[in-house]
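**Q** One predicted model, sequence on top.
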Amino acid sequence: MPSARISNPNAEEVSTINAIPVLNDNIIWVWSKGTQAVVVDPAVSEPVKNWLVSKDLTLIAVLQTHHHDDHIGGTKELLNYWPKAEVIASGADRERIPLQTISVKDGDQICLLGTNLLVIEVPGHTKFHIAYYLSFKNSKNQSPALFCGDTLFAAGCGRIFEGTAEEMYLSLNRLSKLPDETRIYCAHEYTESNLRWASSIKPENLVIQKRLKDIVELRKKGSLSLPSKIEEEKLTNLFLLAKNSREFGELRLNKDTWSS
Ligand code: ZN
Ligand code: FE
């Protein structure tokens with residue numbers, strides 16, 4: 001007997017956020033609701049396309065956090081397949097993210113998949129890096145989410161390529177003020193190595209040691225360590241614990257030259 005799909009118009013559709021790990025350590029996040037999907041920083045196109053097609057999802061938008069190739073590399077191909085999809089990116093970085101159709105700046109709000117998306121400028125890794133915050137205010141039982149590219153990582157932060165330590169420090173500070181329960185969907189799986197570094201700097205910090213132990217177990221099982229949570233980062237991310245931009249700059253320099 002053929003199976004029928006019974007849809008309940010009263011059931012509130014919930015958003016889901018899924019990870020597609022690609023390349024060495026990139027994570028492409030797919031945020032979907034019903035039959036529509038939004039993809040964050042598609043480094044490559046093939047695995048994303050296959051995943052969306054297998055789930056009968058239509059791509060309606062791509063969110064770009066910054067111009068690096070491991071974040072925008074798959075966008076063009078995805079647009080060939082879903083030509084109506086919007087590309088949301090920093091208007092100030094139009095030259096380096098040329099496929100953008102909706103150009104945004106700090107404080108802009110966009111409605112996507114029935115939810116409000118807030119744009120937060122977080123310069124430091126690159127000059128025009130942006131993050132996207134979903135408060136999910138009107139959805140019950142859904143924690144706020146942050147897509148923050150290469151700015152805030154679990155137990156770490158992005159390298160400073162185009163900005164200053166001061167800028168990056170302020171950017172991270174802004175993100176750390178988001179609600180404690182905010183889930184952090186960053187663009188790389190660096191957590192274990194970040195925690196090894198942190199525990200070498202602060203061997204006496206038992207919260208960091210415990211987190212490292214948990215993450216090592218998780219990774220051994222082949223699970224991702226992400227998303228993280230603002231609350232957790234405020235306790236164990238040394239870059240968020242730095243008291244000022246000078247201390248932050250010293251930590252960043254130390255991490256740049258650290259090898260496990
Ligand atoms: Zn980057
Ligand atoms: Fe990256």
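**A** Structure's in. What do you need? Ligands and ions are numbered 1, 2, ... in the order given.

**Q** list the contacts for Met168?
**A** 123-125, 151, 157-158, 160, 248, 252 (Cβ atoms under 8 Å, 6 or more residues apart in numbering). In short, each C-beta sits where N, CA and C put it, glycine included.

**Q** one more time with 7 Å, if that's ok
**A** Listed by Cβ atoms under 7 Å, 6 or more residues apart in numbering, the contact set of Met168 reads 124, 157, 160.

**Q** One more: Leu226?
**A** Here Leu226 is in contact with 19, 27, 154, 185-186, 189 (Cβ under 7 Å, 6+ apart).

**Q** can you check Ala61 too?
**A** So, once contact is read as Cβ under 7 Å, 6+ apart, Ala61 ends up touching 38, 85-86, 88, 112.

**Q** just to revisit the earlier point, inside strands: which ones of the contacts of Leu226?
**A** 19, 27, 185-186 (DSSP state E).

**Q** circling back: out of the contacts of Ala61, which two sit at the greatest distance?
**A** Greatest spatial distance in the contacts of Ala61: Ala85 and Leu112, 11.4 Å, computed using Cβ to Cβ.

**Q** Just among the contacts of Met168, which is most surrounded?
**A** In terms of neighbour count, Cys157 stands highest of these at 30 neighbours, by other Cβ atoms under 10 Å.

**Q** Phi first, then psi, for Leu59.
**A** Dihedral angles phi and psi of Leu59 (degrees, to the nearest 10) take the values phi -80, psi 120.

**Q** pretty sure it contacts Trp82?
**A** Yes - when contacts are counted by Cβ atoms under 7 Å, Leu59 is listed as touching Trp82 (4.0 Å).

**Q** Name the residue in those two with the higher neighbour count.
**A** Legend: neighbour count by other Cβ under 10 Å for Leu59 and Trp82, higher for Leu59 (24 against 17).

**Q** Show the pLDDT at the more buried one.
**A** Looking at Leu59, its pLDDT is 98.

**Q** residues contacting Leu113?
**A** Leu113 neighbours (Cβ under 7 Å, 6+ apart): 15, 31, 33, 36, 38.

**Q** Who wins on neighbours among these?
**A** Val38 (27 neighbours).

**Q** need the helices for the stretch 1-150 of the chain, in chain order.
**A** In order along the chain, the stretch 1-150 of the chain carries the following helices (DSSP state H, counting those that start in this stretch): 46-54, 69-72, 75-81.

**Q** How far off centre is the shortest one?
**A** Averaged C-alpha coordinates place helix 69-72 at 13 Å from its chain's average position (Cα atoms, centre = their mean, to the nearest Å).

**Q** now what about that helix, what contacts it?
**A** With Cβ under 7 Å, 6+ apart, helix 69-72 has contacts from 23, 26, 41, 43, 64-65, 97, 149, 187.

**Q** 8 Å instead?
**A** Contacts of helix 69-72 (Cβ under 8 Å, 6+ apart): 23, 26, 41-43, 64-65, 97, 99, 149-150, 187.

**Q** cool, the first one as well?
**A** Residues outside helix 46-54 that contact it (Cβ under 8 Å, 6+ apart) are 18, 20, 22, 28, 30, 37, 39, 42, 58-59, 74, 77-78, 81.

**Q** Rebuild those residues as TSV, extending it with distance to ligand 1.
**A** Formatted as TSV, the contacts of helix 46-54 follow (distance: Cβ to the ion, whole Å):
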residue	distance to ligand 1
Asn18	21
Ile20	17
Val22	14
Ile28	13
Val30	19
Ala37	23
Val39	17
Pro42	14
Thr58	28
Leu59	22
Gly74	14
Glu77	19
Leu78	19
Tyr81	24
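
**Q** among the residues you listed, which two are most distant?
**A** Val22 and Thr58 (20.8 Å).

**Q** Those two: which is more packed in?
**A** Just comparing Val22 and Thr58: by other Cβ under 10 Å the higher neighbour count belongs to Val22, 19 against 14.

**Q** check contacts around that one.
**A** 28, 43-44, 47.

**Q** beta partners of it?
**A** Asn26 (DSSP bridges).
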